[in-house]
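Peer 1: Predicted model and sequence follow; I will ask about them next.
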There are 2 protein chains.
Amino acid sequence: MNGITIFNGIEDKDVKNMLNCFEARTISYKNGTTIVSNLANTNIIGIMLDGSSNLIKLDYNGNRTIIEKLERGSVFGKVFLPLSDELSVIATDECTVITFDYEHITKRCKKSCPYHSKLIDNMIQLLTDKIVDMNNRIDILTKKTIREKLLEYFKVIEKEKLSKTFKLNLNFTELADYFGVDRSALMREIKNLKTEGFIEAKSNKITLLY
Amino acid sequence: MNGITIFNGIEDKDVKNMLNCFEARTISYKNGTTIVSNLANTNIIGIMLDGSSNLIKLDYNGNRTIIEKLERGSVFGKVFLPLSDELSVIATDECTVITFDYEHITKRCKKSCPYHSKLIDNMIQLLTDKIVDMNNRIDILTKKTIREKLLEYFKVIEKEKLSKTFKLNLNFTELADYFGVDRSALMREIKNLKTEGFIEAKSNKITLLY
DNA sequence: AATTAAGTGTTGCATTTGCAACAAAAATAA
DNA sequence: TTATTTTTGTTGCAAATGCAACACTTAATT
């Protein structure tokens, strides 16, 4: 279970027993299939074991937005995204998913599985990680200019990758959405940063020159 | 323990026993005193029982920002706000605070207090509530104009208070910070909404006319 | 291989916003 | 009460941004 945060520090055989005890289901889906629809009306926790999928929001106008990309180790469920909009998880690749009822996490089962405390620790860790991410995004969004947003964003990545050269994992269209700004205005500002010598940028590969 | 979310559904006598078991400390502070400094370097969980305080961020430039206002029932600790900046909690009123080590929450104690599952449920609920709040704020921040931000903000309040008339619980200076915009530009837009007949506004009392 | 779709890059122009600076009102402290 | 600080409200102007429209490149589909 390497790379599956929610099972960190729990031995594979114990994970297996626990999942058994939780009556968990492991199912594989083909690209394009719906893994869960109307997430808010279910009580399940889902864990992506393999492949990838998108968490989609359908707002009142019928617009679809990708809220999150889910990959190995990602966890989804209404505890993680308690929005009122309609949410679905849709496979973007062949993928394998474990699901079980959320109740199993906080309530101790009759058999009183060991490692349950560790699971709860991990669960809280995941929520906390999410809060960190959201905090980072809020920090960026509250910056007043696109230039400041970009520099703040680059700072976070630099700190994370410990390098002044990196590839963005969002494309520019997605990045504009993430910043809540117009895409063309974003491109313009990247060009400005280039011509003023603050960065080098070849498509999505960035080098900070400061 | 009415209004203290983290103890919801746990009887007062059980809360008392549990706190005893957790070796919790209950301390009162005077207005202006520091309740905790350098939050990130502690492992405590704090619960505001009475009075009010501010959670303060001290950034690298030495700027102080109020991140959150804490009141009865608010919980603080690094799990709730895992930022790298220096954080302190400072009383803005005479207040009473319970603190104990975070470890007690996820690890079961030797005495195996009942109601411990409920506490964890509540803890996760608090984290989830925080995620909801942050989601709301991100929704607002990603709106492109101040007008759209205001209307989104009003929509959330209207839904919450079930009324088209309400008092804002942030003043305009704070609201501008919350939106990440210039205060004078915010005031201008409120004036525009007024003259165009979308809202009535007498200071911080707003009535939606749509 | 050809077609379609998705993403990149650019620009002119109108609109929105930030900034700076100030006066007035309200709240707080002396 | 008076003095002092904080918040509100306003404005002109410069700067930043959004919008619309377009050509071009790359990726995906048939």
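Peer 2: Yes, it's here.

Peer 1: what is the closest residue to residue A:76 other than its chain neighbours paired to in the beta sheet?
Peer 2: Counting by C-beta to C-beta, 6 or more residues apart in numbering or on different chains, the nearest residue to residue A:76 once its immediate chain neighbours are dropped is residue A:46, at 4.8 Å. For the C-beta atoms, the positions are set from N, CA and C on the backbone; glycine is no exception. Here residue A:46 sits in beta bridges with residue A:76, residue A:99, as judged by DSSP bridges.

Peer 1: wouldn't residue A:46 be in contact with residue A:80 here?
Peer 2: No: under the criterion of C-beta atoms under 8 Å, residue A:46 makes no contact with residue A:80, lying 9.6 Å away.

Peer 1: OK, contacts around residue A:199?
Peer 2: Taking C-beta atoms under 8 Å, 6 or more residues apart in numbering or on different chains as the contact definition, residue A:199 lies against A:154, A:190, A:193, A:206-209.

Peer 1: neighbours of the closest residue to it other than its chain neighbours, just the number please.
Peer 2: Using C-beta to C-beta, 6+ apart and skipping the chain neighbours, the partner closest in space to residue A:199 is residue A:193 (4.8 Å). The burial count assigned to residue A:193 is 22, neighbours taken as other C-beta atoms under 10 Å in any protein chain shown.

Peer 1: buried residues in the strand or helix carrying residue A:130?
Peer 2: Taking DSSP states H and E as the criterion, residue A:130 maps to helix A:116-141. Going by neighbour count (16 or more other C-beta atoms under 10 Å in any protein chain shown), the buried part of helix A:116-141 is A:116-128, A:130-131, A:134-137, A:139-141.

Peer 1: again, but for stretch A:193-209
Peer 2: Taking 16+ other C-beta under 10 Å as the criterion, stretch A:193-209 shows A:193, A:198-199, A:206, A:208 as buried.

Peer 1: do the same with stretch A:170-184
Peer 2: Neighbour-count burial for stretch A:170-184, counted by 16+ other C-beta under 10 Å, picks out A:175-176, A:178-181.

Peer 1: For DNA strand D, tell me which of those show up nearby.
Peer 2: The overlap between these and the neighbours of DNA strand D (C-beta under 7 Å from any atom of the strand) comes to A:180-181.

Peer 1: Out of the buried residues of stretch A:170-184, name the ones that lie in helices.
Peer 2: Mapping the buried residues of stretch A:170-184 onto helices (DSSP state H) picks out A:175-176, A:178-179.

Peer 1: The worst-scoring helix or strand of chain A on mean pLDDT pairs with which strands?
Peer 2: Of all regular secondary-structure elements in chain A, judged by mean pLDDT, DSSP states H and E, the least confident is strand A:64-70 with a mean of 81. On the basis of DSSP bridges, the sheet neighbours of strand A:64-70 come out as strand A:53-58 (antiparallel).

Peer 1: beta partners of residue A:208?
Peer 2: Beta-bridge partners for residue A:208, by DSSP bridges, are residue A:199.

Peer 1: Do I have it right that it meets residue A:154?
Peer 2: Yes: using C-beta under 8 Å as the test, residue A:208 is close enough to residue A:154 to be in contact (5.9 Å).

Peer 1: quick revisit: my guess is the residue nearest to residue A:199 contacts residue A:150, does it?
Peer 2: Yes: A contact is recorded between residue A:193 and residue A:150 when judged using C-beta under 8 Å, the distance being 6.8 Å.

Peer 1: Now the terminal residues of stretch A:65-84, how far apart.
Peer 2: The separation between the terminal residues of stretch A:65-84, taken as C-alpha to C-alpha, to the nearest Å, is 14 Å.

Peer 1: Okay, domains of chain A per the record?
Peer 2: Residue ranges of the domains in chain A are recorded as A:5-129, A:143-208, according to automatic domain parsing.

Peer 1: Which of these sits closest to residue B:32?
Peer 2: domain A:5-129 (30.3 Å; C-beta to C-beta).

Peer 1: Now find how far off-centre that closest one is within its chain.
Peer 2: Its chain's average C-alpha position is 12 Å from that of domain A:5-129, according to C-alpha atoms, centre = their mean, to the nearest Å.

Peer 1: Pull up the gap between the residue most central in space within chain A and residue A:133, please.
Peer 2: For chain A, the residue nearest the mean C-alpha position is residue A:68 (5.0 Å; C-alpha atoms, centre = their mean). In this view, residue A:68 and residue A:133 are 10 Å apart by C-beta to C-beta, to the nearest Å.

Peer 1: is stretch A:127-142 up against chain B anywhere?
Peer 2: Yes: Stretch A:127-142 comes into contact with chain B (C-beta under 8 Å from any C-beta of the partner chain), by way of A:127-128, A:130-132, A:134-135, A:137-138, A:141-142.

Peer 1: Show me the shaky parts of chain A.
Peer 2: Segments of chain A classed as low confidence (criterion: pLDDT under 70) are A:59-64, A:82, A:108-113.

Peer 1: what residues does it put near chain B?
Peer 2: Proximity of chain A to chain B is assessed by C-beta under 8 Å from any C-beta, with A:79-83, A:106-108, A:117, A:120-121, A:123-124, A:127-128, A:130-132, A:134-135, A:137-138, A:141-144, A:177, A:180-182 identified as the residues in range.
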